[in-house]
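A.B. asks: Generate a structure from the sequence data that follows.
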Amino acid sequence: MGTLQYCAPEVLQGRDADQRSDIYSLGMVVYQMACGKLPFEGLRGNALASAILSGNPQPVKAINPLIGADFERLIMRIIAANPEQRPQSVSELSKTLRDVVGGTATQLVLPQAGPMLAVLDFLNVTDDRGADWLGSGMAETLTADLKRLQLASVVSRERVLEATRRHAVTEGNSQLVELGKDLGVRWLVLGSYQRAGERLRILPRVLEVSTGEDVATPKIDGGWEDVFALQDRVVADVMAALKLKIDNSGMQRIAPPETLHLEAYEQYAQGRRRLNEFGKESLELGRRHLENAVALDPNYALAFAALGATHAMRYIHRTDPADLDHAARYCERAIQLDPELGEPYTWLTYAYMRQGKIEQAIRIGHKGVDRQPDLVLTHYFLGAAYMAATEYDQTAYHSAVRYLLDATLADPKWAAAWLCLGQIALLCGEYDHAERFLRNCLEIERRGPGLGYFIGSEVLLAAVAMRRGDNDTALRIYSDSYSSLQSCDHVYREAFQALTACGLGDVLLREGRSDSALGEFRRASRLVKEYPRMLGRQRILACTLIGMGAAIASQGQISHARGLVGDAEQLLTEIATSPQTWLWGGSLGQLYYDLAVAYARLAEPDLALHSLEKSVATGWRDARRLASDPELQQLRAQARFQALQENLGSLPHVELQPTVALSAH
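C.D. replies: As a prediction, this is how the structure comes out:
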């Protein structure tokens with residue numbers, strides 16, 4: 001077995017060891033070299049075995065702050081408790097190490113000044129339920145103030161709320177410790193409060209996650225009207241408990257409260273609580289509270305930021321352009337009032353991207369990443385903006401992948417980032433990477449609703465199987481997709497139902513079952529008509545027209561088929577001016593490729609080749625599919641086709657190998 005301190009968890013559990021077990025042991029040596037001690041030093045016997053199996057070593061930078069962030073991530077990956085999360089071979093480890101040393105690894109720059117901490121909602125311990133809002137309000141305000149101080153890196157509220165939901169946290173220290181470990185923090189800031197008439201008592205707590213012990217903090221008493229000054233005292237006492245000194249400039253940054261209007265503060269806190277429930281009804285309730293807050297205080301930056309986020313989320317299920325206008329205006333106002341806030345940059349990136357202001361979205365997105373690097377949405381929306389740009393600028397693929405991978409670092413459970421990476425890998429002909437990314441997404445999807453929950457992975461997984469020539473597997477996965485989408489309640493449900501029908505129709509058509517294929521394309525067409533506000537509607541409509549045209553061509557109705565395919569081509573010309581309408585499974589490059597296949601079925605080689613050239617120009621890069629697709633056999637001898645293959649082969653390779661583990665556990 002070897003020395004216990006260096007022994008991999010799977011060996012302790014009696015499972016088979018392989019090269020990844022040796023890599024783990026090597027990782028323990030590297031950790032020891034970096035830190036001067038082993039991660040579980042001082043433990044013996046059962047306690048040591050339990051610590052190894054739990055896989056929660058102290059972060060490297062907590063012991064040696066001089067270690068670079070990329071190198072720390074690599075070490076923690078090598079000693080991951082799950083073998084699937086480690087480098088899968090020594091050659092992979094060697095390459096990643098070279099990339100880290102050479103500075104070419106994907107980077108997620110997290111603030112490392114001081115200990116990582118997270119602020120939980122404070123608990124109302126009186127019978128006055130009308131004061132419940134203050135618990136989340138204090139957490140929001142304290143988080144914002146602690147971030148402004150820049151003395152300690154603070155976990156975003158979104159991550160804290162989702163982790164709290166997963167752990168169903170009570171006041172028990174053991175549960176709080178597990179929550180702290182999940183968040184990867186050294187400290188938790190929490191507490192309780194009591195209101196008695198016009199008096200308020202706040203009892204803050206600072207919990208050290210590694211020991212499960214509280215650090216002494218004094219109780220804070222004052223008047224209800226003095227709540228803003230009392231919150232500043234909480235910040236000062238928390239910093240004192242952590243032995244971090246606030247200088248005069250720091251106090252000046254947090255001294256002006258976000259609002260001096262107590263009722264506006266209450267409306268903001270109520271709105272935030274509703275917003276964080278992520279439901280359609282709660283979104284509307286939250287919007288009304290936040291509108292009241294900014295009406296009461298027109299200079300309330302946090303309230304404007306939250307109101308902008310609310311309208312951006314409304315757009316996702318309403319697709320009303322007015323929501324994007326409101327989202328952009330409110331976020332711009334929040335930035336004008338407080339340029340240091342991170343949240344408005346994040347949602348403004350999304351609003352600009354969906355408005356078609358792609359370059360503006362990218363510029364604002366970079367500012368959001370700088371200000372809130374631990375928030376998954378900052379990286380995800382910036383990656384999405386670059387992904388939209390790939391339809392007219394293929395160099396954008398590299399940046400899209402970088403920021404989407406950074407999103408998976410910020411929160412491995414954010415499924416939409418894995419879905420985007422899966423689509424990019426599929427478009428680039430990297431089927432193994434695509435399947436790996438998409439299975440991560442599917443695993444998260446199967447856990448059910450929550451922050452980070454998304455759908456649609458089965459649609460792209462089926463496309464991967466079809467491109468590999470495994471139509472039976474593709475048909476089975478599309479059937480599974482129908483079943484899972486039927487039972488879910490998600491804003492993208494109808495869009496993915498239509499994409500499932502189009503994908504299934506394509507497979508059936510390739511198997512010579514044109515009648516069944518036509519039925520699926522017509523099913524997709526009905527969904528498009530039934531849900532006129534469906535996001536990506538034009539793209540799905542183009543997909544249905546192309547599919548119906550190809551199916552009807554197979555039945556010999558050439559004139560009718562040409563009309564449908566011609567309508568689709570005209571629609572694609574319009575879509576090309578609207579990259580912001582991108583949709584998973586409905587990229588412009590993929591649609592032009594499908595159009596080329598339809599023209600090939602119509603025995604129109606020049607139009608088919610023209611469509612293939614447009615496909616590559618708008619982001620489609622699957623050289624494997626181009627070389628193997630039987631539908632294009634009649635084109636391969638032509639010089640234009642061969643030139644297209646050469647052009648595709650000369651494009652820069654998109655590096656999809658992440659420098660972190662891909663498991664969503």
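A.B. asks: Quickly find the element holding the closest residue to Phe71 other than its chain neighbours.
C.D. replies: Leaving out its chain neighbours, the residue that sits closest to Phe71 by C-beta to C-beta, 6 or more residues apart in numbering is Val100, at 5.5 Å. Where you see a C-beta, it was placed from the backbone N, CA and C, and this is true even at glycine. Assessed by DSSP states H and E, Val100 sits inside helix 90-102.
A.B. asks: can you give me how far that helix is from the chain middle?
C.D. replies: Using C-alpha atoms, centre = their mean, to the nearest Å, the distance from the centre of helix 90-102 to the centre of the chain it belongs to is 26 Å.
A.B. asks: Next: stretch 371-389.
C.D. replies: With C-alpha atoms, centre = their mean, you get 8 Å for stretch 371-389.
A.B. asks: pretty sure Ala264 contacts Leu302?
C.D. replies: No. Ala264 is beyond contact range of Leu302, at 10.1 Å (criterion: C-beta atoms under 8 Å).
A.B. asks: quick one, which of those two is more surrounded?
C.D. replies: Neighbours per residue (other C-beta atoms under 10 Å) separate Ala264 from Leu302, with Leu302 holding more: 25 against 21.
A.B. asks: Might you report the residue contacts of the more buried one?
C.D. replies: By C-beta atoms under 8 Å, 6 or more residues apart in numbering, the residues touching Leu302 are Glu140, Thr141, Ala144, Glu258, Thr259, Tyr268, Ala334, Asp338, Leu341.
A.B. asks: Check Arg371 too.
C.D. replies: Taking C-beta under 8 Å, 6+ apart, we find Arg371 in contact with Glu340, Leu341, Gly342, Tyr345, Thr378.
A.B. asks: hmm, try it at 10 Å
C.D. replies: Lys147, Pro339, Glu340, Leu341, Gly342, Glu343, Pro344, Tyr345, Thr346, Thr378 (C-beta atoms under 10 Å, 6 or more residues apart in numbering).
A.B. asks: Tell me, how many residues neighbour the fourth one?
C.D. replies: Burial of Leu341 is recorded as 23 neighbouring residues (other C-beta under 10 Å).
A.B. asks: try the first one
C.D. replies: Residue neighbour count, defined by other C-beta under 10 Å, stands at 24 for Lys147.
A.B. asks: For it, identify the helix or strand it belongs to.
C.D. replies: Going by DSSP H and E, Lys147 is part of helix 133-149.
A.B. asks: in the stretch 501-650 of the chain, which spans are helices?
C.D. replies: Per DSSP state H, counting those that start in this stretch, the stretch 501-650 of the chain carries helices over the ranges 514-530, 537-554, 558-575, 588-601, 605-617, 623-628, 639-650.
A.B. asks: now the fifth one against helix 558-575, angle please.
C.D. replies: An angle of 30 degrees separates the directions of helix 605-617 and helix 558-575 when computed by axes from the mean of the first three to the mean of the last three C-alpha atoms, to 10 degrees.
A.B. asks: likewise the second one?
C.D. replies: Using the same axes, to 10 degrees, one finds that helix 537-554 and helix 558-575 are set 160 degrees apart in direction.
A.B. asks: Which residue ranges of the stretch 1-150 of the chain form strands?
C.D. replies: 117-119, 123-124 (DSSP state E, counting those that start in this stretch).
A.B. asks: what separates the shortest one from the chain centre, distance-wise?
C.D. replies: Meaning strand 123-124. 31 Å.
A.B. asks: Name the residues that touch that strand?
C.D. replies: Identification of contacts with strand 123-124 by C-beta under 10 Å, 6+ apart yields 130-135, 170-171, 190-195, 203, 205.
A.B. asks: neighbouring strands for it, and are they parallel or not?
C.D. replies: With DSSP bridges as the test, strand 123-124 is paired with strand 187-196 (parallel).
A.B. asks: Give me the mean pLDDT for the strand it pairs with.
C.D. replies: Taken as a whole, strand 187-196 has an average pLDDT of 92.
A.B. asks: any idea of the angle the following helix or strand past it forms with helix 133-149?
C.D. replies: Once the chain leaves strand 187-196, the next helix or strand it forms, by DSSP H and E, is strand 199-208. Inter-element angle recorded for strand 199-208 and helix 133-149: 50 degrees (by the same axes, to 10 degrees).
A.B. asks: what sits against the nearest residue to Leu564 once chain neighbours are set aside?
C.D. replies: Spatial nearest neighbour of Leu564, chain neighbours left out: Gly549 (3.6 Å); criterion: C-beta to C-beta, 6+ apart. For Gly549, the contacting residues are 521, 557-558, 560-569, 594-595, 598-599, 601-602, by C-beta under 10 Å, 6+ apart.
A.B. asks: Now for the contacts of Leu302: which two are most distant?
C.D. replies: Thr141 and Ala334 (15.2 Å; C-beta to C-beta).
A.B. asks: Show the low-confidence segments of the stretch 401-550 of the chain, by residue range.
C.D. replies: Residue ranges of the stretch 401-550 of the chain with pLDDT under 70: 450-451.
A.B. asks: do that again at 80, thanks
C.D. replies: The model of the stretch 401-550 of the chain has pLDDT under 80 over residues 448-452, 489, 491.
A.B. asks: Now the buried members of the contacts of Arg371.
C.D. replies: Buried members of the contacts of Arg371, scored by 16 or more other C-beta atoms under 10 Å, are Lys147, Leu341, Gly342, Glu343, Pro344, Tyr345, Thr346, Thr378.
A.B. asks: buried set for stretch 181-191?
C.D. replies: Under the neighbour-count criterion of 16+ other C-beta under 10 Å, stretch 181-191 has Asp182, Leu183, Gly184, Val185, Arg186, Trp187, Leu188, Val189, Leu190, Gly191 buried.
A.B. asks: Switch those residues over to TSV; also include distance to Gly45.
C.D. replies: Below are the buried residues of stretch 181-191 laid out as TSV (distance: C-beta to C-beta, whole Å):
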residue	distance to Gly45
Asp182	27
Leu183	29
Gly184	27
Val185	29
Arg186	27
Trp187	30
Leu188	30
Val189	35
Leu190	34
Gly191	37
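A.B. asks: For Gln194, give me its contacts.
C.D. replies: Neighbours of Gln194 in contact, by C-beta under 10 Å, 6+ apart: Leu123, Asn124, Val125, Thr126, Asp128, Ala131, Leu200, Arg201, Ile202, Leu203, Lys219, Asp221.
A.B. asks: switch the cut-off to 8 Å
C.D. replies: Asn124, Val125, Thr126, Leu200, Arg201, Leu203.
A.B. asks: repeat for Gln32
C.D. replies: Leu38.
A.B. asks: Look up how far Arg272 lies from Leu142.
C.D. replies: 13 Å (C-beta to C-beta, to the nearest Å).
A.B. asks: Asp22 now?
C.D. replies: 49 Å.
A.B. asks: Settle it for me: which of the two has more neighbours?
C.D. replies: Arg272 (25 against 14).
A.B. asks: For the more buried one, identify the helix or strand it belongs to.
C.D. replies: Assigned by DSSP H and E, Arg272 belongs to helix 262-275.
A.B. asks: quick one on the thing from earlier: between the helices of the stretch 501-650 of the chain, which one is nearest to Arg439?
C.D. replies: Across the helices of the stretch 501-650 of the chain, closest to Arg439 is helix 623-628 (C-beta to C-beta), at 19.8 Å.
A.B. asks: average model confidence for the closest one?
C.D. replies: Mean predicted confidence for helix 623-628 is 94.
A.B. asks: contact partners of it?
C.D. replies: Gly429, Tyr431, Arg467, Gly469, Tyr593, Leu612, Leu632, Leu644, Gln645, Leu648, Gly649.
A.B. asks: show me the contacts for the fifth one.
C.D. replies: Read that as Tyr593. Listed by C-beta under 8 Å, 6+ apart, the contact set of Tyr593 reads Ser611, Leu612, Ser615, Trp620, Arg625.
A.B. asks: rewinding a little: just the buried subset of the contacts of strand 123-124, please.
C.D. replies: Using 16+ other C-beta under 10 Å as the burial test, the contacts of strand 123-124 include 131-135, 190-195, 203, 205 as buried.
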